[in-house]
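> Pasting a predicted model and its sequence here:
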Amino acid sequence: MPYDSHHHRAPAGFSIEITPAAARKVPTFTGLLPAGTAVYVTNLPGTDAAEATALCRRLRDEGMRPVPHLAARGLTSRADLAAWLDRAVGEGGAREILLIAGSGERAAGPFRDTLAVLDTGLLEMAGLRGFGVAGHPEGHPNAKPVVLLDALRRKQAFAAAHGLDAWIVTQFTFSAAPVRRWAAHMADAGVTLPIRVGLPGPAKPATLINYARQCGVGASLRVLTRRPDVMAGLVRAWTPDGIVADLTRQGQWAGRGGFAGLHLFPFGGFAKTAAWAVTAMDTPGAIGSNAGGEVVGLT
């Protein structure tokens, strides 16, 4: 199913990430994901730009919505940014991107953060429909909460001024509580961008703990490691069902401090995570479905 050219809302349904390396092992995305699913293409250090662009094109050709990561600090110049956008939109067929600062404290060029990328004026000229930005419910190791809040306000204002969709994708979490508190604080502070809650897909707990330590997910990691069922041998598979249930019970899929959907990190494998997401959405009474079969929770 091709991308709807009249689509002007924030992305709907669950979204999921994949690396170009992992994508080589996926025979077909159409067999794993519903048509129109947003698939985020990661941009880790050392990622081959041509391979990432080809993956975006493949995703689009297979009926998915490619959302490549644009890492601001990895760009060497304004011309480098223009070339990246030309590849992503022109060759890759992307209409949405995820704007992130990128790894490392030193920028390769003039862009220390994503606001500097927005200030170039190149995004609104590139033919994009919208962009996602990062949210950090458990804080950021290199930025104070007030700085992060101000940046989100400025990104929200930029999107509104230029007629672009914008949304927040949170760092992955193992606990609903810090996400709920953060979302309510964002709403009180005037940040009304749709929030897509980042969750790890099914995986072995040892794998999750390793990723969490690398990424600085502190409070919710402690919640995970305090669960006897998880720590008993670190072999039992973990799934996000409990967190989704916690979020649903709080009624936060709409309204103040509401969440717009899930963004899945497939640490335990892409196919396994995709299968979990599809089942979660198709189960009668589960989040993301209703009697009429329409997506209501993961919108």
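Alright, I've got the coordinates. From a predicted model like this one, the values you see are computed outputs, not experimental measurements.

> I'd like the average pLDDT over stretch 89-109.
What stretch 89-109 shows for mean pLDDT is 93.

> can you give me how far that stretch is from the chain middle?
On the basis of Cα atoms, centre = their mean, to the nearest Å, stretch 89-109 sits 13 Å off its chain's mean C-alpha point.

> again, but for stretch 92-112
For stretch 92-112, the distance to the chain centre is 14 Å (Cα atoms, centre = their mean).

> just stretch 182-198 next, same as before
Relative to its parent chain, stretch 182-198 has a centroid offset of 15 Å by Cα atoms, centre = their mean.

> so how far does that stretch reach from one end to the other?
From its first residue to its last, stretch 182-198 covers 13 Å (Cα to Cα, to the nearest Å).

> Tell me the buried residues in that stretch?
Across stretch 182-198, burial judged by 16 or more other Cβ atoms under 10 Å covers 182-183, 186, 191, 193-198. The C-beta positions use only the backbone N, C-alpha and C, and glycine is treated the same way.

> got the residues you listed as a markdown table, with pLDDT and secondary structure columns?
Putting those into a markdown table (pLDDT from 0 to 100; DSSP: H, G, I helix; E, B strand; the rest coil) gives the following:
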| residue | pLDDT | secondary structure |
| --- | --- | --- |
| 182 | 94 | helix |
| 183 | 93 | helix |
| 186 | 95 | helix |
| 191 | 96 | coil |
| 193 | 95 | coil |
| 194 | 94 | coil |
| 195 | 94 | strand |
| 196 | 94 | strand |
| 197 | 94 | strand |
| 198 | 94 | strand |
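
> Quick check: of those residues, which lies closest to residue 132?
Distance to residue 132 across the buried residues of stretch 182-198 (Cβ to Cβ) is lowest for residue 196, with 7.4 Å.

> my guess is the closest one meets residue 166, correct?
No: using Cβ atoms under 8 Å, residue 196 makes no contact with residue 166, being 11.5 Å away.

> Just the helices from the stretch 151-299 of the chain, written as ranges.
Under the criterion DSSP state H, counting those that start in this stretch, the stretch 151-299 of the chain contains helices at 176-188, 205-215, 219-225, 228-231, 241-249, 270-282.

> between these, which one is nearest to residue 106?
helix 205-215 (19.2 Å).

> average pLDDT across the closest one?
73.

> Same check on stretch 261-277?
Here the average pLDDT along stretch 261-277 is 94.

> And it, what's buried?
Of all the residues in stretch 261-277, those buried under the rule 16+ other Cβ under 10 Å are 261-268, 270-274, 276-277.

> Could you list the low-confidence segments of the stretch 1-150 of the chain?
1-13 (pLDDT under 70).

> Swap in 50 and give it another go.
Across the stretch 1-150 of the chain, the ranges flagged by pLDDT under 50 are 1-12.

> Please enumerate the helices of it.
Using DSSP H, counting those that start in this stretch, helices in the stretch 1-150 of the chain cover 20-23, 49-61, 78-85, 114-118, 145-162.

> got the CA positions of the shortest one in PDB?
Read it as helix 20-23. The C-alpha trace of helix 20-23 is given here as PDB (Å, rounded to 0.1, in the frame of the first residue of the first chain):
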ATOM      1  CA  PRO A  20      20.500  -1.400   8.000                       C
ATOM      2  CA  ALA A  21      22.500  -4.500   9.100                       C
ATOM      3  CA  ALA A  22      19.400  -6.100  10.700                       C
ATOM      4  CA  ALA A  23      17.400  -5.300   7.600                       C
END
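
> Good, we can wrap up now.
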